[in-house]
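Chemist: Below is the sequence, then the predicted model.
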Amino acid sequence: MSDKKTSIENAVARLTANYRKEELFLTKSGRHLPVRAAIIDIVKEMGSVIFPGYFDIDSGAAVFPEHYTGYLLNDLFDRMKEQIETAFLYVGEDTASACGKAARVTASFFEQLPDVQEMLLKDVQAGFDGDPAAKSREEIIFSYPGFLAIYVYRLAHILYLEEVPFIPRIMTEYAHDHTGIDINPGATIGEYFFIDHGTGVVIGETTTIGNNVKLYQGVTLGALSTRKGQQLSGVKRHPTIEDNVTIYSNSSVLGGETVIGENTIIGGNTFITESIPANSKVSAKSPELVIKKPRTCVEASNVWDWEN
């Protein structure tokens with residue numbers, strides 16, 4: 001068995017040889033990737049601007065709203081611009097171009113924040129109207145994982161449309177990690193949107209979702225096949241969900257040509273690869289249940305034995 005010194009020397013030799021053989025192991029010379037932790041901090045702190053008081057204990061927004069909001073946005077603007085500029089530089093933009101694009105994109109992003117705030121308020125209302133277990137709209141903002149995923153998506157989608165590298169996906173993967181809900185920042189999602197429970201929901205990049213749509217846990221809005229890989233980039237691969245649709249748990253709707261018509265209900269555990277007309281109800285045939293008559297006496301040691 002090798003000693004510590006020999007083991008490290010061998011590992012270093014092989015690792016550095018791999019660095020030289022494959023450029024992907026090292027970031028591009030003289031360039032830096034955006035800082036993931038910095039982007040996540042921006043996402044978190046942006047919540048204090050859109051919903052003051054929910055994610056911190058600062059009550060300044062209620063007393064001096066203009067000062068409070070302006071102070072936070074001034075700081076967030078500079079930090080976001082820095083990360084966006086870093087992203088553009090990494091993919092090969094020259095310094096002047098990256099700086100100019102970052103300034104323009106960041107300004108556009110901040111100008112759209114009031115619109116995002118108004119849309120999120122409709123999402124909160126959708127959650128409250130659609131969940132009898134919700135005690136208040138505040139509870140949805142403060143604690144619902146589905147709302148967190150939607151909030152992050154709506155921020156990331158703006159940057160996705162501006163073709164900002166890396167950052168939109170960093171944002172939505174942060175939400176994915178914390179909620180179990182995977183919304184690609186490229187998806188197009190209308191207003192009054194609600195994800196109930198949420199765990200395991202997947203919404204693909206080219207998905208289009210209309211207004212007043214509700215999804216339950218385990219729903220996949222995905223592609224029929226990705227075998228062609230990068231050849232499918234930019235191609236509509238994911239379904240279109242029209243207005244006023246509810247899709248219940250563990251259902252899969254797949255394919256870029258698949259359209260779920262408005263006012264449709266998709267029952268749980270369904271697998272759909274073709275379009276469904278408007279005003280439909282879709283359900284999977286229930287499996288046959290086998291119920292055994294209870295035994296008069298079951299010993300404690302074998303109460304969980306299937307044969308009993």
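Modeler: Looks like it arrived, so ask away.
Chemist: end-to-end on stretch 129-141?
Modeler: One end of stretch 129-141 sits 14 Å from the other (CA to CA, to the nearest Å).
Chemist: average pLDDT across it?
Modeler: The average pLDDT within stretch 129-141 is 96.
Chemist: Residues touching that stretch, excluding its own?
Modeler: F51, Y54, V124, Q125, G127, F128, Y144, F147, F194, D196, K214 (CB atoms under 8 Å, 6 or more residues apart in numbering). For the C-beta atoms, the positions are set from N, CA and C on the backbone; glycine is no exception.
Chemist: what about 10 Å?
Modeler: Residues from elsewhere that reach stretch 129-141 (CB atoms under 10 Å, 6 or more residues apart in numbering): 47, 50-51, 53-55, 120-121, 123-128, 142-144, 146-148, 151, 192, 194-197, 212, 214, 246.
Chemist: taking these one by one, which sit in helices?
Modeler: Counting by DSSP state H, those place 47, 50, 120-121, 123-128, 142-143, 146-148, 151 in helices.
Chemist: Put the buried members of these into a ChimeraX selection.
Modeler: Selecting the buried subset of those in ChimeraX, with 16 or more other CB atoms under 10 Å as the burial test, is done by:
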select :47,50,120,123,124,126,127,128,146,147,148,151
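Chemist: Can you report how many residues neighbour the closest residue in space to F88 that isn't next to it in sequence?
Modeler: Leaving aside its sequence neighbours, F88 sits nearest to A98 (CB to CB, 6 or more residues apart in numbering; 3.8 Å). Counted with other CB atoms under 10 Å, residues neighbouring A98 total 19.
Chemist: and the helix or strand where A98 lies, what does it pack onto?
Modeler: Secondary structure assigned from DSSP states H and E places A98 in helix 95-111. The contact analysis (3 or more CB pairs under 10 Å, 6 or more residues apart in numbering; DSSP states H and E) places helix 95-111 against helix 36-50, helix 65-90, helix 145-161.
Chemist: Contacts only, for the residue nearest to F88.
Modeler: I84, E85, T86, A87, F88, L89, Y90, V91, G92.
Chemist: In this structure A175 contacts Y153, no?
Modeler: Yes - at 7.0 Å, A175 counts as touching Y153 under the criterion of CB atoms under 10 Å.
Chemist: Overlap in contacts, the two.
Modeler: Joint contacts of A175 and Y153 (CB under 10 Å, 6+ apart) are I181, I183, P185.
Chemist: quick one: which of these is nearest to A284?
Modeler: I181 (23.1 Å; CB to CB).
Chemist: What distance do you get for D3 to T16?
Modeler: 20 Å (CB to CB, to the nearest Å).
Chemist: between the two, which one's more packed in?
Modeler: T16 (11 against 8).
Chemist: From K122, how far out is R31?
Modeler: 40 Å.
Chemist: neighbour-wise, which of the two wins?
Modeler: K122 (16 against 11).
Chemist: so who does the more buried one touch?
Modeler: G190, E191, Y192, F193, F194, N211, N212.
Chemist: most neighbours, which of those residues?
Modeler: F194 (26 neighbours).
Chemist: quick one: contacts for that residue?
Modeler: F194 touches 122-131, 140, 144, 146-147, 150, 212-216, 246, counting by CB under 10 Å, 6+ apart.
Chemist: do A223 as well
Modeler: Residues near A223 by CB under 10 Å, 6+ apart: 204-207, 232, 235-239, 254-256.
Chemist: and the least confident of those residues?
Modeler: The member of these with the lowest pLDDT is L232, at 75.
Chemist: do you know how far that one is from H176?
Modeler: In terms of CB to CB, L232 sits 21 Å off from H176.
Chemist: excluding its backbone neighbours, what's nearest T69?
Modeler: V49 (6.0 Å).
Chemist: just to revisit the earlier point, same drill for L232 and H176, tell me which one is more crowded.
Modeler: Legend: neighbour count by other CB under 10 Å for L232 and H176, higher for H176 (18 against 15).
Chemist: How far off centre is the helix or strand encompassing that one?
Modeler: Assigned by DSSP H and E, H176 falls within helix 167-179. Distance, stretch centre to chain centre, for helix 167-179: 6 Å (CA atoms, centre = their mean, to the nearest Å).
Chemist: All set, thanks.
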